[in-house]
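Participant: Build me a structure from this.
(2 chains)
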Amino acid sequence: MKRVVENSNALNCIRLVFACLLFLALACPVSGKSPDVYININNPFLKKIPIAVPVFKGVSGNDSELAKCAEAADMLSRTLDFTSYFKLLDRGSFLFDPRKDDIVGAGINFQNWTTVGAELLITGGLLVQGDAVEAELRLFDSFKGQMLVGKKYKGPTADLLKIMRRFAGEVIYSITGERGIFDTQIAFVSTQTGPKEIFVCDFDGYDPKPVTRSGSISLSPAWSSDGQWLAFTSYARGKPELQIRQLKEKRGAVVAKEGVNISPAWFPGQFALAATLSFSGDSEIYLLTGNGNIIRRLTHNPGIDVSPSFSPDGKQMAFVSNRSGNPHIYIQELASGQVRRLTFQGRYNTQPAWSPKGDRIAYCGSDDGQFNIHVIGVKAADSVQLTRNAGNNESPSWSPDGNLIAFSSTRQGPSRIYVMNAYGTDQRMLLNLSGEQTSPRWSPPLFNQEKPLDF
Amino acid sequence: MRRVLWMIFALCFVMSGMLFTVSCAKKTISSDTSLTQSEEDRLAAERARQEELARQRALEEQRLLEERQRAAALQGQGAMTERERFVNEDVHFDFDSSVLSAEAQQILLDKAQWLRRNSDASVTIEGHCDERGTNEYNLALGDRRANSVRAYLTDLGISASRMDTVSYGEERPLDSGHDEAAWARNRRAHFEIR
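Facilitator: Residues are numbered from 1 along each chain as shown, chains lettered A, B, ... in the order given. Below you'll find the predicted structure:
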């Protein structure tokens, strides 16, 4: 396990990385398609990239446009900051105001930016006309003096945040080669309106909205891998039943067998999900169609079998069983049915969440009465504890790029949703609603973006 | 000569006395320290164990007392009918367990009797858990608790068709506290007459 580089070493590290990058840049000519590697995706948080996002330039120069220019630059800064990749440089330290000059590239004196430490620079121009906005945004490598990505967007002013997130997605893609999380949402359970209901908010906690208004208990939301369906446990008819709901079209199915119908997890890439049903008198995990019909029974063991989570390739399933006396995480090969125990530390390990890259499993474990988030290798079984001395921490859920983990914590009293990076650092509260918030589940990318125009 | 003999005798007496004293003192000191040390540890451990036992006894007594008081209060009002006792008396479980204790079995014998006397009554058995652990696991655990109660009553000759079960996991605590006393009250099977 690598440790975060200390501050005193940071500068040397940056120099070294830059020397390497410069060398790489000289060595291999950049093709338009494959992006440069600016971030070590094996531990992207080892060194944060200093980035400058100065206030955007107003094209027409009217007052309402100026306000929007600051607002939009702030939106973009916050969105980029959320990834934990960047160090957003203080605008007060800038030597130069790009609003007074060129934002396109040819006229930028990049030394103004390298001097204040900015490895990356984003310039923007806004043209606000009535309710419509046009945005030109560019990302530069200030050391190379080169534009990495440039996009032009048009839309209603109300969509300014959407535009900024879309460009943030381009920034992430150009420096990591991955698509990022800016078109994802997080489902969770909230008591804001009384009993437990399912809510959904944007990846950064923005715009929380209720999905259910049943007035009964709703639990354990789970996204289908296309993001179109949400399955959850509902007491709307008095008993714990499984609801499978198409989010846009308001249709779906209910699994209401005798006993419990709980803990859904969708199968990757298919309209199928696993859930725990106890109609046989014993709780077992079954594979169901998206319409709620049983395909086959997956576990065969007297005792509790619950909380399935599939490997991204769909070949294995992690789940919780008390077959050894206490709840522990097990892994089952789906083809052979072979089961092996994964966790041996602690007395109570539950809620496995298979990482999107497939190599690790996050879970909630307890040894001493406190519940904490841990991550364990699927093969090496080397467990690392990510939360400690901060209340109870439960329900880990990976962002679809595998870089962040959402979880619930009682560190400030009532349960709230928090986010940290996959190495356990940068832990922060996602959103602050009244009541208690639990069971976050990160959506897949929701692909609701139209293609912006390339320059 | 007598004087010399006397002196030798006296000398021997004194020296052996001294020897004895010295060796004795040494022994006492050395063995004393080690004894004191281990003894203290042992006593401290024993004290801690006794305190823990006393604390647990006190908690248990407190719980029983409260239960008796509740029952007495209801009886005092003349309101504690058999039916109400049937509904109010819960069956309790250990942490992460659905095993019926001797006390739980005694309560269920009473419940079976009532169900025999009231053969037209149907009941719902609710399985509940304390707040520790995860919601999904606790839903499955509550289900097992309700089922083990139903199975016990079926063995006593009560028709399974009169008994419905529902698990609430940790979703409906009786006691909103966050200590062992609250958790013990919340780990329960509760009866509702349909």
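
Participant: Quick check: nearest residue in space to A:Ala253, chain neighbours excluded?
Facilitator: Here the nearest residue to A:Ala253 in space, its sequence neighbours aside, is A:Gly292; by C-beta to C-beta, 6 or more residues apart in numbering or on different chains that works out to 4.0 Å. Where you see a C-beta, it was placed from the backbone N, CA and C, and this is true even at glycine.

Participant: I meant to write A:Phe371 there.
Facilitator: In space, not counting the residues next to it along the chain, A:Phe371 is nearest to A:Asn392; the distance is 4.3 Å by C-beta to C-beta, 6+ apart.

Participant: gap between that neighbour and A:Pro352?
Facilitator: Distance from A:Asn392 to A:Pro352, counting by C-beta to C-beta, to the nearest Å: 17 Å.

Participant: If you count surrounding residues, which of these two has more?
Facilitator: Using other C-beta atoms under 10 Å in any protein chain shown as the criterion, A:Asn392 and A:Pro352 rank with A:Pro352 on top: 25 against 20.

Participant: Looks to me like B:Arg47 is in a helix.
Facilitator: Yes - when classified by DSSP: H, G, I helix; E, B strand; the rest coil, B:Arg47 is found to be part of a helix.

Participant: Can you tell me the number of residues neighbouring it?
Facilitator: As a measure of burial, B:Arg47 has 10 neighbours, counting by other C-beta under 10 Å.

Participant: Next: A:Gln228.
Facilitator: Other residues close to A:Gln228 by other C-beta under 10 Å number 16.

Participant: And for A:Gly150?
Facilitator: The number of residues packed near A:Gly150 is 18, by other C-beta under 10 Å.

Participant: Might you enumerate the residues of chain B proximal to chain A?
Facilitator: Applying C-beta under 8 Å from any C-beta of the partner chain, one finds that chain B approaches chain A through B:96, B:132-137, B:139-141, B:143-144, B:147, B:165-169, B:171.

Participant: ok, 7 Å please
Facilitator: Chain B comes close to chain A at residues B:96, B:133-137, B:139-141, B:143-144, B:147, B:166-167, B:171, as judged by C-beta under 7 Å from any C-beta of the partner chain.

Participant: can you pick the most crowded of the residues you listed?
Facilitator: Neighbour-wise, the residues of chain B next to chain A (other C-beta under 10 Å) top out at B:Ala140, 32 neighbours.

Participant: SS state for that residue?
Facilitator: When the structure is split into helix, strand and coil by three-state DSSP, B:Ala140 lands in helix.

Participant: residues in contact with it?
Facilitator: A:Val260, A:Thr276, A:Ser283, A:Ile304, A:Val306 (C-beta atoms under 7 Å, 6 or more residues apart in numbering or on different chains).

Participant: Could you list which of the residues of chain B next to chain A belong to strands?
Facilitator: B:Val166, B:Ser167 (DSSP state E).

Participant: measure stretch A:362-374 end to end?
Facilitator: Here the two ends of stretch A:362-374 are set 6 Å apart, with distance taken as C-alpha to C-alpha, to the nearest Å.

Participant: Pairing partners for A:Arg138 in the sheet, please.
Facilitator: Under the criterion DSSP bridges, A:Arg138 forms beta bridges with A:Thr123, A:Gly150.

Participant: Show the contacting residues for it.
Facilitator: With contact taken as C-beta under 7 Å, 6+ apart, A:Arg138 is in contact with A:Ile103, A:Gly105, A:Ile122, A:Thr123, A:Met147, A:Gly150.
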